[in-house]
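Q: this one's structure only:
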(Lines give C-alpha, C1' and ligand atoms only; values in the text may rest on other atoms or scores of the structure.)
Protein backbone atom coordinates (compact mmCIF):
# COMPACT_ATOMS: atom_id res chain seq x y z
CA UNK A 1 0.00 0.00 0.00
CA UNK A 2 1.62 3.22 -1.15
CA UNK A 3 1.30 6.81 -0.09
CA UNK A 4 -0.12 7.87 -3.42
CA UNK A 5 -3.21 10.02 -3.02
CA UNK A 6 -5.90 10.51 -5.57
CA UNK A 7 -6.21 14.11 -6.73
CA UNK A 8 -8.94 16.16 -5.10
CA UNK A 9 -11.95 16.82 -7.32
CA UNK A 10 -11.75 20.27 -8.85
CA UNK A 11 -13.93 22.74 -6.98
CA UNK A 12 -16.31 24.99 -8.84
CA UNK A 13 -14.93 28.26 -10.15
CA UNK A 14 -17.86 30.37 -8.94
CA UNK A 15 -17.48 32.93 -6.18
CA UNK A 16 -19.53 35.81 -4.80
CA UNK A 17 -18.19 39.37 -5.05
CA UNK A 18 -17.64 39.35 -1.27
CA UNK A 19 -15.64 36.12 -1.51
CA UNK A 20 -13.47 37.47 -4.33
CA UNK A 21 -12.77 40.62 -2.30
CA UNK A 22 -11.80 38.50 0.72
CA UNK A 23 -9.34 36.51 -1.39
CA UNK A 24 -7.81 39.71 -2.80
CA UNK A 25 -7.55 41.20 0.71
CA UNK A 26 -5.89 38.04 2.02
CA UNK A 27 -3.39 38.07 -0.86
CA UNK A 28 -2.60 41.73 -0.21
CA UNK A 29 -2.17 41.12 3.55
CA UNK A 30 0.11 38.13 2.93
CA UNK A 31 2.30 40.09 0.47
CA UNK A 32 2.44 43.41 2.31
CA UNK A 33 2.32 42.41 5.98
CA UNK A 34 2.90 38.72 6.76
CA UNK A 35 5.67 37.84 4.30
CA UNK A 36 7.89 40.89 5.04
CA UNK A 37 7.49 40.34 8.79
CA UNK A 38 8.44 36.66 8.58
CA UNK A 39 11.29 37.39 6.16
CA UNK A 40 12.72 39.91 8.64
CA UNK A 41 12.42 37.40 11.51
CA UNK A 42 14.19 34.70 9.43
CA UNK A 43 16.95 37.15 8.54
CA UNK A 44 17.47 38.06 12.21
CA UNK A 45 17.47 34.39 13.24
CA UNK A 46 19.99 33.53 10.51
CA UNK A 47 22.32 36.23 11.81
CA UNK A 48 22.52 34.43 15.18
CA UNK A 49 24.77 31.74 13.77
CA UNK A 50 24.23 27.97 13.58
CA UNK A 51 21.02 27.50 11.62
CA UNK A 52 20.71 23.74 12.13
CA UNK A 53 19.67 24.11 15.78
CA UNK A 54 18.07 27.54 15.55
CA UNK A 55 14.35 27.03 16.23
CA UNK A 56 13.40 30.56 15.20
CA UNK A 57 15.15 30.12 11.86
CA UNK A 58 13.66 26.67 11.21
CA UNK A 59 10.15 27.76 12.20
CA UNK A 60 10.47 31.00 10.22
CA UNK A 61 11.52 29.16 7.05
CA UNK A 62 8.60 26.75 7.48
CA UNK A 63 6.17 29.65 7.97
CA UNK A 64 7.62 31.40 4.90
CA UNK A 65 6.97 28.26 2.80
CA UNK A 66 3.37 28.15 4.09
CA UNK A 67 2.84 31.81 3.18
CA UNK A 68 4.35 31.33 -0.28
CA UNK A 69 2.19 28.25 -0.87
CA UNK A 70 -0.96 30.18 0.09
CA UNK A 71 0.06 33.14 -2.10
CA UNK A 72 0.54 30.82 -5.10
CA UNK A 73 -2.81 29.16 -4.45
CA UNK A 74 -4.70 32.47 -4.19
CA UNK A 75 -3.02 33.91 -7.31
CA UNK A 76 -3.90 30.81 -9.31
CA UNK A 77 -7.44 30.74 -7.90
CA UNK A 78 -8.05 34.42 -8.70
CA UNK A 79 -7.10 33.72 -12.32
CA UNK A 80 -9.67 30.93 -12.68
CA UNK A 81 -12.66 32.12 -10.63
CA UNK A 82 -15.85 33.56 -12.07
CA UNK A 83 -17.52 36.24 -9.95
CA UNK A 84 -21.30 35.82 -9.89
CA UNK A 85 -22.67 39.26 -9.11
CA UNK A 86 -26.29 39.04 -10.21
CA UNK A 87 -29.31 36.89 -9.48
CA UNK A 88 -30.51 34.39 -12.09
CA UNK A 89 -33.57 35.07 -14.24
CA UNK A 90 -35.66 32.54 -12.30
CA UNK A 91 -35.28 33.73 -8.69
CA UNK A 92 -37.77 31.15 -7.46
CA UNK A 93 -35.25 28.36 -7.99
CA UNK A 94 -32.03 27.61 -6.12
CA UNK A 95 -28.89 28.60 -7.97
CA UNK A 96 -25.48 29.91 -6.93
CA UNK A 97 -25.73 32.74 -4.38
CA UNK A 98 -29.21 31.84 -3.13
CA UNK A 99 -30.31 31.89 0.49
CA UNK A 100 -32.45 28.79 1.06
CA UNK A 101 -34.68 28.19 4.07
CA UNK A 102 -35.23 24.48 4.72
CA UNK A 103 -37.15 22.32 7.15
CA UNK A 104 -35.71 18.95 8.14
CA UNK A 105 -37.33 15.67 9.25
CA UNK A 106 -37.47 16.91 12.84
CA UNK A 107 -39.32 20.12 11.94
CA UNK A 108 -36.28 22.33 12.53
CA UNK A 109 -35.65 25.15 10.07
CA UNK A 110 -32.24 25.97 8.66
CA UNK A 111 -31.09 28.80 6.42
CA UNK A 112 -28.15 28.25 4.09
CA UNK A 113 -26.47 30.33 1.41
CA UNK A 114 -24.99 28.57 -1.62
CA UNK A 115 -21.48 30.00 -2.11
CA UNK A 116 -18.17 29.10 -3.73
CA UNK A 117 -15.75 26.51 -2.38
CA UNK A 118 -13.35 29.26 -1.25
CA UNK A 119 -15.87 31.03 0.95
CA UNK A 120 -17.99 28.42 2.72
CA UNK A 121 -18.51 29.14 6.42
CA UNK A 122 -20.67 26.69 8.42
CA UNK A 123 -20.95 29.15 11.32
CA UNK A 124 -22.71 31.63 9.00
CA UNK A 125 -24.74 28.94 7.22
CA UNK A 126 -22.76 29.35 4.00
CA UNK A 127 -22.32 26.02 2.24
CA UNK A 128 -20.20 25.23 -0.79
CA UNK A 129 -21.96 24.78 -4.12
CA UNK A 130 -19.95 21.55 -4.31
CA UNK A 131 -21.42 20.12 -1.07
CA UNK A 132 -23.91 17.23 -1.24
CA UNK A 133 -26.74 19.38 0.16
CA UNK A 134 -26.14 22.24 -2.29
CA UNK A 135 -25.96 19.86 -5.25
CA UNK A 136 -29.39 18.35 -4.50
CA UNK A 137 -30.87 21.81 -3.86
CA UNK A 138 -29.84 23.26 -7.23
CA UNK A 139 -32.85 24.03 -9.48
CA UNK A 140 -35.32 23.28 -6.67
CA UNK A 141 -37.99 25.73 -5.56
CA UNK A 142 -40.23 26.40 -2.57
CA UNK A 143 -42.33 23.34 -1.77
CA UNK A 144 -39.85 20.83 -3.18
CA UNK A 145 -38.50 17.96 -1.11
CA UNK A 146 -34.87 16.90 -1.38
CA UNK A 147 -33.05 13.90 -0.01
CA UNK A 148 -29.38 14.01 0.89
CA UNK A 149 -27.22 10.97 1.48
CA UNK A 150 -24.72 11.82 4.20
CA UNK A 151 -22.11 9.64 5.92
CA UNK A 152 -24.50 9.50 8.89
CA UNK A 153 -27.39 8.37 6.70
CA UNK A 154 -30.26 9.73 4.66
CA UNK A 155 -31.74 13.15 5.50
CA UNK A 156 -34.80 14.78 3.96
CA UNK A 157 -35.44 18.51 3.70
CA UNK A 158 -38.32 20.59 2.41
CA UNK A 159 -37.54 23.87 0.67
CA UNK A 160 -39.54 26.59 2.42
CA UNK A 161 -38.17 29.68 0.65
CA UNK A 162 -35.55 30.79 -1.87
CA UNK A 163 -34.16 34.33 -1.91
CA UNK A 164 -31.29 36.21 -3.47
CA UNK A 165 -31.31 38.86 -0.73
CA UNK A 166 -29.91 38.22 2.77
CA UNK A 167 -32.60 37.15 5.25
CA UNK A 168 -34.14 40.17 6.92
CA UNK A 169 -33.05 42.63 4.23
CA UNK A 170 -35.51 44.69 2.22
CA UNK A 171 -35.64 44.09 -1.49
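A: Thanks, I have the structure now. Treat the numbers as computed from the prediction; the structure is a model and nothing was measured.
Q: quick one: secondary structure of the residue of the chain positioned farthest from its centre?
A: Taking CA atoms, centre = their mean, the residue of the chain most remote from its mean C-alpha position is residue 49, at 41.7 Å. Under DSSP: H, G, I helix; E, B strand; the rest coil, residue 49 falls in the coil class.
Q: quick check: buried residues in the longest strand anywhere in the chain?
A: In the chain, assigned by DSSP state E, the strand with the most residues is strand 153-163. Applying a neighbour-count criterion of 16 or more other CB atoms under 10 Å, one finds 157, 158, 159, 161, 162, 163 buried in strand 153-163. Backbone N, C-alpha and C define where each C-beta goes, glycine included.
Q: same check, this time on stretch 69-82
A: 71, 74, 77, 81.
Q: report the distance from that stretch to the chain centre.
A: 13 Å (CA atoms, centre = their mean, to the nearest Å).
Q: ok, stretch 144-157 next?
A: 22 Å.
Q: on that earlier part again, which one among the buried residues of strand 153-163 gets closest to residue 126?
A: Nearest to residue 126 among those, counting by CB to CB, is residue 163 at 14.2 Å.
Q: from residue 62, how far out is the nearest residue to that closest one once chain neighbours are set aside?
A: Computed as CB to CB, 6 or more residues apart in numbering, the closest residue to residue 163 that is not its neighbour in sequence is residue 99, at 4.7 Å. To residue 62, residue 99 is 40 Å away according to CB to CB, to the nearest Å.
Q: circling back: now for the buried residues of stretch 69-82, which pair is the farthest apart?
A: 71 and 81 (15.8 Å).
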